[in-house]
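>>> Quick one, structure for this:
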Amino acid sequence: RLFVTPHGGCYKVFLFRESWHPTDVAMIDTFRRSLDIEYHIADMSFPRGFDPAGLLSAQPKRSAWGYQHMSRFWTRTIFEHPSVRLLDYFMRLDTDSLLTTPLYDVFEDAARRNLSYGYRQAGKDTPHRSVGLWESYQSYVDS
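Here you go, the predicted model:
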């Protein structure tokens with residue numbers, strides 16, 4: 001069974017952004033065909049009790065704290081979203097992701113093989129970017 005078929009018949013698609021302008025939704029809706037799409041707001045707020053006053057972001061790329069908000073969203077907040085909490089599996093695709101061929105049903109495959117997590121690694125982070133990451137993850141899981 002295919003995950004997405006050329007003429008519809010796929011799983012629900014959740015789209016997350018910090019905000020949705022009606023023209024963005026209208027543009028996507030023109031191309032959606034028979035896709036079942038839900039538009040959601042991605043919570044990019046600071047964690048309760050965190051005061052950024054006087055602090056500088058370690059990654060002030062496009063905005064002062066945007067990268068940290070995005071990282072927090074995809075490592076924690078996404079799993080707290082009411083619609084996502086109802087799912088057994090989900091697949092994250094970034095705006096630069098591209099599916100060039102039909103994709104077999106990865107969710108069906110994951111259920112059949114009793115998988116909890118899967119990934120495709122196309123590259124590696126430079127070592128200095130992930131120092132302490134595993135220890136931080138373990139600390140979070142243990143708390």
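
>>> Run through this structure and note the low-pLDDT ranges.
Along the chain, segments meeting pLDDT under 70 span 1-9, 60-62, 121-125.

>>> do you know how far the residue nearest the centre of it is from R120?
Centroid-nearest residue in the chain: R92, 4.5 Å away (criterion: C-alpha atoms, centre = their mean). Using C-beta to C-beta, to the nearest Å, R92 is found at 11 Å from R120. (C-beta placed from N, C-alpha, C; glycine too.)

>>> hang on, the earlier thing: show the contacting residues for the residue nearest to the centre of the chain.
If you count contacts by C-beta atoms under 8 Å, 6 or more residues apart in numbering, R92 has them with W74, I78.

>>> quick one: it from F14, how far?
Counting by C-beta to C-beta, the gap from R92 to F14 is 10 Å.

>>> What segments of this protein are helices?
Remark: helices assigned in the chain by DSSP state H are 22-31, 66-72, 78-80, 82-85, 106-112, 133-142.

>>> Burial-wise, tell me which of the ones you listed comes out on top.
The highest mean neighbour count among those, using mean count of other C-beta atoms under 10 Å, belongs to helix 66-72: a mean of 16.

>>> can I get the CA coordinates of it in PDB?
Taking Å, rounded to 0.1, in the frame of the first residue of the first chain, the C-alpha atoms of helix 66-72 are listed here in PDB:
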ATOM      1  CA  GLY A  66      13.700  31.500  16.500                       C
ATOM      2  CA  TYR A  67      16.100  28.500  16.200                       C
ATOM      3  CA  GLN A  68      15.700  27.600  19.900                       C
ATOM      4  CA  HIS A  69      11.900  27.900  19.600                       C
ATOM      5  CA  MET A  70      11.900  25.600  16.600                       C
ATOM      6  CA  SER A  71      14.200  23.100  18.300                       C
ATOM      7  CA  ARG A  72      12.000  23.000  21.400                       C
END
